[in-house]
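> got a predicted model here, sequence first, then my questions.
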Amino acid sequence: MLKLNRRVAALRPSATLAADQRAKEMRAAGIDVISLDAGEPDFDTPERIKDAARKALAAGKTKYTAVAGVPELKEAIRAKLKRDSHLDYEPAEIIASAGCKQALANVIASMFDEGDEVIIPTPAWVSFSAMVDLSGAKPIQVRAREDRNFQLEPDALKKAITPRTRAVLVNSPSNPTGTVYSAGPLAEIAAVIQSHPDVWVLSDDTYEHIAYDGPAPHIFQIESRLKERGILFNSLSKTYAMTGWRVGFAAGPKEVIGAAGRLQSQNSGNPNSIAQAAAVEALNGPQDEVKVMAEEFRKRRQLIVERVRAVPGFSLPNVPGGAFYVFPNVSALLGSTYNGKKIADGDAFAGFLLEEAKVSTVGGNDFGAPEHIRMSYATSTEKINGAFDRIIAAVKKLQK
C-alpha cells in the first residue's frame, strides 16, 4: 500500500493553477471559455529580452551555472534593488531561483520548523500557507477587514504575535486584492514588528511595478532596521511578461540566503541558464515597456471595476491600487440555487460561473475569504466585456 509523506498527502493543489488548467482543458475540448483566472500578463515578452536568450543559446550558454545564479544576474539584481527600492545587498545576500515561488519555498523551508508560527494577513495568495505548512510551521491567518481596504490593522497584528511567532508576511501590491500599503499604514505595521526583535519580515514584492498611484513604498525603506531580519522576494514574471521563463529571486541576510542556496543545490540546482541571460537584459535594459504594460493594466482596471459593480449581487467597495486582480464580495448571492444545487461559498460560485457562463474565475476559499472570488484583468478589454456580459446573464438565472 502506498504511503505518502503526511504533509504532501494533506497538500491541496494550487487553486489558481487548478482553475487555469480546468479552463484550458475545456477550451481543448472545443468549449468557448473566457479566462479571468490566471495571474499571467497577456503581453509577449519584450523582444530585447528574447534576443538576449537567442544570443545566449548561440554562445553555448547551456551548461550548469552557479546554484544561486550567475554573477551577472546577481549584479543585475543588486542594481535593480538599489535603483527601484534604494536597498543595498551583496552578492552573497542574493539567490536567483526558478521563479519567485521557488525562492519563497526554499527560504520558508530553511527558516521555519515545527512549533514555529508565521503570520499571514488574509486574503492572501494561496501558496503562502501551503509553503508554511510544508515546512512544519503553522500559518496564522489574520483576516484584514474589507472596510479597511484589506489592510492589516496594527492591533490585529499585535494580538496575533505570540512567543512562537517567527515571521510576518507582507505582500504589497497584493494578490488577490490589489491592496497597496501607503507609507503611513506600512509604518504602523513596521513599528509593531520592530517591537518584537525575534520576528522576521518576509516581503513579497512581485507586483511592485504594477502600482497605480506611484511606486509602492517598501517596508525596509520605511523601517531600515527590519532589513537586518527581513527577506524580500521578487519575480520577473509579472513585470516583464516572463511567466514561463521562471526566474525570481530573494535577498536578505547571507545566513538565510546561504541556507536557501544549500537547499536549492539539493532540490533543483541552478535556474535555467538561458532564462538567466534573458533576466540580465530584462533588469539592466530600458524599462519603457514596463510602464506601457502598467498603463494598459490601469485602463483595464477602470473597465473591470465598472463591470463588477454593475453585476447584481457583486460588491466591490475598494478599487485595487495595484496588481491586476479584483476581489469582489459575492456573499449576497451565496445560498442561491442553480439546477437544484446550493451555492455555498466562493469556490462553488466560481464553479457556477464556469458551468453556466463559461467564465473561469478563482473562488476565494483558499485565499482565506470564502465569500469572495478573484478575477484577473490581465486579458483584453474585449474578453473582459464578453465575460461580464455572460456573468450578468448567468446571475439572473440564480434562485434564492
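On my side now, so go ahead.
> quick one: list the elements packing against the helix or strand of the chain with the lowest mean pLDDT.
Lowest on mean pLDDT, DSSP states H and E among the helices and strands of the chain sits helix 15-28, with a mean of 81. With contacts taken as 3 or more Cβ pairs under 8 Å, 6 or more residues apart in numbering; DSSP states H and E, helix 15-28 sits against strand 359-360, strand 362-363. Where C-beta positions appear, they are placed from N, C-alpha and C, glycine not excepted.
> am I right that Ile140 is in a strand?
Yes - Ile140: assigned to a strand according to DSSP: H, G, I helix; E, B strand; the rest coil.
> what bridges to it?
Beta bridges link Ile140 to Ile119, judged by DSSP bridges.
> how much space separates it from Val326?
Counting by Cβ to Cβ, to the nearest Å, the separation of Ile140 from Val326 is 27 Å.
> of the two, which one has the most company?
Neighbours were counted for Ile140 and for Val326 using other Cβ atoms under 10 Å; Val326 has more, 27 against 20.
> in the stretch 101-250 of the chain, where is pLDDT below threshold?
Counting by pLDDT under 70, the stretch 101-250 of the chain has no low-confidence residues at all.
> quick one, strands of it?
Per DSSP state E, counting those that start in this stretch, the stretch 101-250 of the chain carries strands over the ranges 117-122, 138-143, 165-171, 200-204, 230-235, 248-251.
> so which residues of this protein form helices?
In the chain, the segments counted as helices under DSSP state H are 6-9, 15-28, 47-58, 71-85, 100-111, 126-135, 154-160, 183-194, 219-222, 254-267, 273-284, 288-309, 346-352, 381-395.
> and the last one, what's buried?
Spelled out, that is helix 381-395. Neighbour counts using 16 or more other Cβ atoms under 10 Å place 383-384, 386-388, 390-391, 394-395 of helix 381-395 among the buried residues.
> centre of the chain to the least confident helix or strand of the chain, how far?
With Cα atoms, centre = their mean, to the nearest Å as the basis, helix 15-28 stands 18 Å off its chain's centre.
> what's it in contact with?
By Cβ atoms under 8 Å, 6 or more residues apart in numbering, the surrounding residues in contact with helix 15-28 are 33, 35, 37-40, 126, 347, 350, 354, 358, 360-363, 365-367, 374.
> hmm, try it at 6 Å
33, 35, 37-38, 126, 360, 362, 366 (Cβ atoms under 6 Å, 6 or more residues apart in numbering).
> in that helix, which residues are buried?
For helix 15-28, burial by neighbour count (16+ other Cβ under 10 Å) applies to 15-16, 19-20, 22-23, 26.
> and what of stretch 191-203?
Buried, per 16+ other Cβ under 10 Å, within stretch 191-203: 192-193, 196, 199-203.
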